[in-house]
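Enquirer: could you work out the structure for the sequence below:
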Amino acid sequence: MNRRTVLALAVGAAMLASGCTGTGGTSKGADAEAPDDPAKVGGTITVLTHRTDLVQDGTMKKYAAEFNKTYPKVKVEFEGLTDYEGEVKIRMNTENYGDVLMIPAVIEKKDYPKFFASLGTRAERSKKYRFTDYSTVQGKVYGQSPIGVVPGFVYNKKVWSAAGITDWPTTPAEFLQDLKAIKTKSEAVPYYTNFKDMWPLTQWTNVNGSVGCDTGATTRLAEGNPWADGADLRVGDTLLHDIVKSDLIEKDPTTTNWEASKPRLAKGEIATMWLGSWAIVQMRDAAKQAGTDPADIGFMPFPAQKNGTFCAVTSPDYQQAVNVNSGHKAAARAWIDWFTDKSGYAGANLALSPLKDAPLPDVLKPYEEAGVKLLDIDDALGAEVKSLDNQSEVGIYKPDYRQDLVDLARGARKGSLDDFLAGLGDKWTEAQRNLGS
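Expert: Numbers count the residues shown, from 1 in each chain. As a prediction, the model looks like this:
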């Protein structure tokens, strides 16, 4: 995952309330069955992608050339879209939205069968793949992400070590003490909020499940108060508030710069940022360009344990799907299967493979060595959570409320943390009542 992906996902989540007025397919509920004989699969397919960088530099063409070694009669054409969410939403008012596409976040989960061909049953696909819940409707799966990510703190190991910190903190209180030690013993900014760019603040929602080591964390959001005492989001939001309140961040959050923050972390001017495993490769590239050691870039889980074990939730990137209107469903399905299973795309992006039996990428070796438990979250109620989020206008997938939280902590907004979080909980539970949850 890259910054463009995160932005698109955040924008897409923000657009969910508006829905999509597309007509869907003429063959609703159609399946895209896996082809038995590659020699019999043919046709030209168009793949819509948000990875404009890989289209422009020829990487996608190289993938297609490898694909053609197995499927020689299929011609793959790519269309890279800069404003992926916006452009695809418009196209889906027609039947012409490629043969393969990444499922836009604007499409409500219940509507997947209108637009996409089924890839098979959840019962069958979940044996082999991660993330099947995220695109399952009435037992059928409509999309498959080629990569996954896990949340964590990207940090400069040299800065943390120089401050005398040798072990990962296991509680929020220990984490705060470590940041205070960094402030005392170095010139580095202990924690960088990326407040001005806004979208990085949405990453804090990924503490949900990681704090309590709970595969049912999404269900808890749907059925309970996310800011009740001890709830994962309350723990995460309280830590962010306390970091800011303790003056452990940049001098002026309104002047932060995401692109500039990467070389600054690589050079040790910034110590820590809460992001995700997708960011590690970007930080290491920044280190190479800055002439510092990429090995200085570390990755640690949220400071909480259950029975002495850290946990981190897994989550998918965009999920590839077959247009239900495609005249070449077999070829489109072949592309998705090959790209997921054989392309090496996950490895090239140092990302978590969707294949359950695949080894962890090198960037997650520290998690593996430390025994961090990776959790595949049950997303059966994911659609309900997004509806609640929109109805409540809280915006757990948007940056606004955490900007308000940072402003509260730094004194730019009046009020107490308890009242602020209670207000979020009241909005959420009111939405539950209104939606009959």
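Enquirer: and residue 320, what's its pLDDT?
Expert: With respect to pLDDT, residue 320 scores 97.
Enquirer: need the three-state assignment for residue 34.
Expert: Counting by DSSP: H, G, I helix; E, B strand; the rest coil, the backbone at residue 34 sits in coil.
Enquirer: I figured it hits residue 333, correct?
Expert: Yes - A contact is recorded between residue 34 and residue 333 when judged using Cβ atoms under 8 Å, the distance being 5.9 Å. The C-beta positions use only the backbone N, C-alpha and C, and glycine is treated the same way.
Enquirer: more neighbours: those two, which one.
Expert: In terms of neighbours (other Cβ atoms under 10 Å), residue 333 is the more surrounded of residue 34 and residue 333; the figures are 24 against 12.
Enquirer: what about that one, which helix or strand?
Expert: Remark: residue 333 resides in helix 329-341, with elements defined by DSSP states H and E.
Enquirer: who touches that helix?
Expert: Helix 329-341 is touched from outside by 30-35, 38, 41-43, 45, 47, 63, 67, 70-71, 74, 76, 99-100, 117, 119, 129, 144, 146, 320-323, 326, 345, 354-355, with contacts defined as Cβ atoms under 8 Å, 6 or more residues apart in numbering.
Enquirer: so which of the residues you listed belong to strands?
Expert: Of those, the ones assigned to strands by DSSP state E are 43, 45, 47, 74, 76, 100, 117, 320-323.
Enquirer: tell me the secondary structure for residue 167?
Expert: For residue 167, the assignment made with three-state DSSP gives coil.
Enquirer: ok, it to residue 128 distance?
Expert: Per Cβ to Cβ, to the nearest Å, residue 167 is found 36 Å from residue 128.
Enquirer: the more surrounded of these two?
Expert: The neighbour count for residue 167 versus residue 128, taken as other Cβ under 10 Å, is higher for residue 128 (13 against 9).
Enquirer: what's near enough to touch the more buried one?
Expert: By Cβ under 8 Å, 6+ apart, the contact list for residue 128 reads 355-357.
Enquirer: try it again at 10 Å.
Expert: Neighbour list for residue 128: 340-341, 354-357 [criterion: Cβ atoms under 10 Å, 6 or more residues apart in numbering].
Enquirer: pop out the phi and psi values for it.
Expert: Note on residue 128: backbone dihedrals following degrees, to the nearest 10 are phi -110, psi -30.
Enquirer: one more: residue 328?
Expert: Dihedral angles of residue 328 (phi, psi; degrees, to the nearest 10) stand at phi -130, psi 50.
Enquirer: contact partners for it?
Expert: Applying Cβ under 10 Å, 6+ apart as the definition, the contact partners of residue 328 turn out to be 32, 41-46, 74-75, 99-100, 322, 334-335.
Enquirer: need the pLDDT of the closest residue to it other than its chain neighbours.
Expert: In this structure, residue 328 finds its nearest non-sequential neighbour in residue 43, 3.7 Å apart by Cβ to Cβ, 6 or more residues apart in numbering. The pLDDT attached to residue 43 in the predicted structure is 97.
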